[in-house]
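Asks: The amino acid sequence is not available; the structure is as follows:
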C-alpha cells in the first residue's frame, strides 16, 4: 500500500537553506531591475505625499486658470504645448492650467485609489480564500462559483456602469476604491484558496486540530502566516492594475470629476488635442507608464527574493548561467 506524501514538508536543500539565511533586503538588492523599481516607487510615493508642498514651493497650482498662456484656438500658445520657464510641462488646452502641477497632484489620486482598491481586494480575497480552502464543502462551492462568475464578468464594463449611475453625493474617490477593489479580489482568492487547501492537509494543522485548537486559531495563527509572502507579493503586483483601472475610468469620463487632477482624464483630454498639441499627452502618459513599470519590476523582484527555491524564469536562467 502506497502512502500519499504530497502533504509532507519537503526537507530543505543546501541551496535553499543558505538562501533562507540571507536577509530579504540583500536578496532583493541583487536584482538591479527590482531595486530600480523600488527606488522609483518610493520616489512616486514621496511626490504624492509632498505634492501640495511641491506645487506651493514652485508657485504652480492645478486649479488656477491661465488663459494668457493659450492661443486664440484654445491650444497652448508657443511651441511644445506651452512649455516655458513658468510652465515646465506646458499648460492644459482650453483652461491653461499648469500641466506639471496636474501631473504632480495626479500622483496622489492614482496612488490613493490604486493602493486603497488593492487593500480592499486583498482583504476580501484573502478572507474568502482562507474560509473556502479551509472549510471546504458548500462554503468552498459558493466561493468557487463567485470566483468563476467574477472572472467571467467584463469588469471594466461593469465599473463604467456603476460609475455612471452612482449618485453625485457619494465621494468619488471612495466609490472608485470600492468598485475597483470589489471587482478585483477573485485572483488572490483563487490563489489563497488553493494554498489553504494544501496547508489544511499538512501535519502541523492536523496536530493543532487534534490538540483542540479552534478554527480561528488555526486560520489566523498558523495558516495565514504561511501565506503572508504570497499575499504581500500579490499586493505589490496588483497595485499597478488598480492604478490602470482608475486611469481607464477617468479616461472614459466616469472616474474622478474635474477639476480633480487625474492622469487618466488628462490622457483622455489629450486625445482630442493630439494632432495640435501631442506634448499634452506625453507627461501624464509617462507618469502612468513609469509607476506601472516600477511596481511590476519591484513585485517581480520581491517574488524572487521571497521564494529563493523557484523565482521567475528570468532568475532561473540567470542562475543557470553561473
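Replies: That came in fine, so what should we check first? Keep in mind it's a predicted model, so treat the numbers as computed, not measured.
Asks: shaky segments in the stretch 201-322 of the chain?
Replies: 308-322 (pLDDT under 70).
Asks: hey, where'd the helices end up in it?
Replies: For the stretch 201-322 of the chain, applying DSSP state H, counting those that start in this stretch gives helices covering 203-210, 215-217, 224-226, 228-251, 263-272, 279-306, 313-321.
Asks: In the fifth one, which residues are buried?
Replies: Going back to what we said before, that points to helix 263-272. By neighbour count with 16 or more other C-beta atoms under 10 Å, helix 263-272 contains the buried residues 263-270. Where C-beta positions appear, they are placed from N, C-alpha and C, glycine not excepted.
Asks: quick one: low-confidence ranges for the stretch 51-200 of the chain?
Replies: 77-81.
Asks: residues near the residue nearest to residue 255 when sequence neighbours are not counted, how many?
Replies: Nearest non-adjacent residue to residue 255, counting by C-beta to C-beta, 6 or more residues apart in numbering: residue 249, 3.9 Å away. By other C-beta atoms under 10 Å, 26 other residues sit near residue 249.
Asks: Closest to the centroid, which residue in this protein?
Replies: Residue closest to the average C-alpha location in the chain (C-alpha atoms, centre = their mean): residue 239, at 0.4 Å.
Asks: Give me the distance between the closest residue to residue 237 other than its chain neighbours and residue 240.
Replies: In this structure, residue 237 finds its nearest non-sequential neighbour in residue 299, 3.6 Å apart by C-beta to C-beta, 6+ apart. The gap separating residue 299 from residue 240 is 8 Å, by C-beta to C-beta, to the nearest Å.
Asks: returning to that earlier point: out of the helices of the stretch 201-322 of the chain, flag the one nearest residue 46.
Replies: Comparing those against residue 46 with C-beta to C-beta, the closest turns out to be helix 279-306 (12.5 Å).
Asks: My guess is the residue nearest to residue 237 contacts residue 236. True?
Replies: Yes: with contact defined as C-beta atoms under 8 Å, residue 299 counts as touching residue 236 (3.8 Å).
Asks: tell me the secondary structure for residue 60?
Replies: Three-state call for residue 60 (DSSP: H, G, I helix; E, B strand; the rest coil): coil.
Asks: Can you pull the phi and psi angles for it?
Replies: The phi/psi pair for residue 60 (degrees, to the nearest 10) reads phi -120, psi 150.
Asks: and if you look at residue 70?
Replies: phi -110, psi 150.
Asks: Neighbours of the residue lying closest to it once chain neighbours are set aside, how many?
Replies: Spatially, and ignoring its direct neighbours in sequence, residue 70 is nearest to residue 96 (5.0 Å; C-beta to C-beta, 6+ apart). Here the number of neighbours of residue 96 (other C-beta under 10 Å) works out to 21.
Asks: just residue 212 next, same as before
Replies: With other C-beta under 10 Å as criterion, residue 212 counts 7.
Asks: for residue 235, same thing?
Replies: 18.
Asks: could you measure it against residue 303, distance?
Replies: 11 Å.
Asks: Identify the residues contacting residue 126.
Replies: 188-189, 192, 224, 227, 231 (C-beta atoms under 8 Å, 6 or more residues apart in numbering).
Asks: can you tell me which two in the residues you listed are farthest apart?
Replies: Pairwise distances across those peak at 13.9 Å for 189 and 224 (criterion: C-beta to C-beta).
Asks: just to revisit the earlier point, pick the one among the contacts of residue 126 closest to residue 140.
Replies: Closest to residue 140, out of all of the contacts of residue 126 and judged by C-beta to C-beta, is residue 189, at 11.2 Å.
Asks: so that closest one touches residue 132, yeah?
Replies: Yes: Residue 189 is within contact range of residue 132, at 7.5 Å (criterion: C-beta under 8 Å).
Asks: Need the overlap of contacts for these two.
Replies: residue 143.
Asks: mind listing what's buried in the lengthiest helix in the chain?
Replies: With secondary structure taken from DSSP state H, the chain has its longest helix at helix 99-135. Going by neighbour count (16+ other C-beta under 10 Å), the buried part of helix 99-135 is 99-122, 124-134.
Asks: Residue 181 in helix, strand or coil?
Replies: Residue 181 is classified as helix under three-state DSSP.
Asks: what's the neighbour count on it?
Replies: 23.
Asks: Is it correct that it is in contact with residue 114?
Replies: No: counting by C-beta under 8 Å, residue 181 does not reach residue 114; the two are 10.2 Å apart.
Asks: Between these two, which contacts overlap?
Replies: The contact sets of residue 181 and residue 114 overlap at residue 242 (C-beta under 8 Å, 6+ apart).
Asks: re earlier: helix, strand or coil for the residue nearest to residue 70?
Replies: Look at residue 96: counting by three-state DSSP, its state is coil.
Asks: centre of the chain versus the helix or strand following the longest helix of the chain, how much separation?
Replies: On the C-terminal side of helix 99-135, the closest following helix or strand by DSSP states H and E is helix 137-152. How far helix 137-152 lies from its chain's middle: 24 Å, per C-alpha atoms, centre = their mean, to the nearest Å.
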